[in-house]
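Trainee: Sequence and predicted model, in that order:
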Amino acid sequence: MLPSKHFGSPKSEHWAGVVDAFYPIILTLLIIELPRNVYEVMEKPEADVLLGSGDIWKIALVVCSYLLVFMIIYETFCVHRAIARCSMPTRKINQLNGLSMAAVSLFPPAVYIVNQVRQSMVGHGNEQVLTTELQASRLFLWAVLAGIYASFWLMSAVAIKTEDEAGDAHENQRSLRELKLLSIRRLAYACILFFSVLTDNPIAQQPLLGFSLLAVMIYFEGELFAIPGRFITLLKNRSHF
């Protein structure tokens, strides 16, 4: 890392600016690959009787995959930027910030590999070898996502420890603790999907089911966790009648 006499006094806005510039590049890479993936799907031989319906279904899967991945990366951007804004810029935070961006940069290639292996299974070939390759590519994908959330967890934990040692009762500490818990939950989701692929669980056998479940848990987590409480409250209210 550059010494402070060359780099100047670092501020949290500096790292937030880097994060703001980094994620649009990642999302742009996904957008660039989308037309290519659609074209490759249309060029694959179709085994269905209705040729047109098969092509439309495959294109729909590619587009849905892109949208789900976009939503997941956008959520990681929001978490990463929030941690960068709330944390004190130290050497450890800077290193973990770089580690997080390195992990995020692996996510589009991992998605591309999974799509390519899945598309190759449509044509002829050694089905057993292709199935093994698909499982390996999916394991790599969920391992990358788990690594992203693990780096967020470490980053927020180090930021909290740094502020505690400095004796700062900063208002950002509450946000950092919430971000730490959120990163742990996201890491748990990614680990569950990783082990579902590792154990050949039915969840991992359906296309886009893992992405769909993760997106639902990310964007509707609060509503889903509130359902048991609402159900208990409803039962209590009915018991009074």
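Mentor: Structure received.
Trainee: Any figure for the gap between Gln95 and Ile73?
Mentor: Remark: distance between Gln95 and Ile73 (Cβ to Cβ, to the nearest Å) = 22 Å. Where you see a C-beta, it was placed from the backbone N, CA and C, and this is true even at glycine.
Trainee: So those two - more neighbours on which side?
Mentor: More crowded of Gln95 and Ile73, by other Cβ atoms under 10 Å: Ile73, with 20 against 14.
Trainee: Spell out the secondary structure type for that one.
Mentor: The three-state label given to Ile73 by DSSP: H, G, I helix; E, B strand; the rest coil is helix.
Trainee: residues contacting it?
Mentor: By Cβ atoms under 8 Å, 6 or more residues apart in numbering, the contact set of Ile73 is Tyr23, Ile26, Leu27, Leu30, Val104, Phe107.
Trainee: Only the buried subset of those residues, as a PyMOL command please.
Mentor: Restricted to buried positions by 16 or more other Cβ atoms under 10 Å, the PyMOL selection for these reads:
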select buried, resi 23+26+30+104+107
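Trainee: Return the member of the contacts of Ile73 nearest to Met217.
Mentor: Phe107 (17.4 Å; Cβ to Cβ).
Trainee: ok, for the closest one, nearest residue in space, not its chain neighbours?
Mentor: Closest residue to Phe107 apart from its sequence neighbours, by Cβ to Cβ, 6 or more residues apart in numbering: Val144 at 5.5 Å.
Trainee: was I right about that neighbour contacting Pro108?
Mentor: No: in this structure Val144 lies outside contact range of Pro108 using Cβ atoms under 8 Å: 9.8 Å.
Trainee: ok, so what distance separates the residue most central in space within the chain from Leu141?
Mentor: Centroid-nearest residue in the chain, with Cα atoms, centre = their mean: Ile72, separated by 4.6 Å. Using Cβ to Cβ, Ile72 is found at 11 Å from Leu141.
Trainee: Ok, Ile192 next?
Mentor: 14 Å.
Trainee: Between these two, point out the one with more neighbours.
Mentor: Leu141 (25 against 17).
Trainee: That one: what secondary structure?
Mentor: Applying three-state DSSP: Leu141 is helix.
Trainee: quick one, what contacts it?
Mentor: Phe107, Ala110, Val111, Ile113, Val114.
Trainee: For this protein, give me the ranges with low pLDDT.
Mentor: Within the chain, the ranges that satisfy pLDDT under 70 run 1-15, 41, 43-55, 121-130, 165-171, 203-208, 223-226, 229-241.
Trainee: Tell me where it has helices.
Mentor: All helices of the chain, identified by DSSP state H, fall at 4-7, 12-43, 51-86, 91-105, 107-120, 127-166, 172-198, 202-205, 209-219, 221-239.
Trainee: angle of the fifth one against helix 12-43?
Mentor: With axes from the mean of the first three to the mean of the last three Cα atoms, to 10 degrees as the criterion, the two stretches helix 107-120 and helix 12-43 enclose an angle of 10 degrees.
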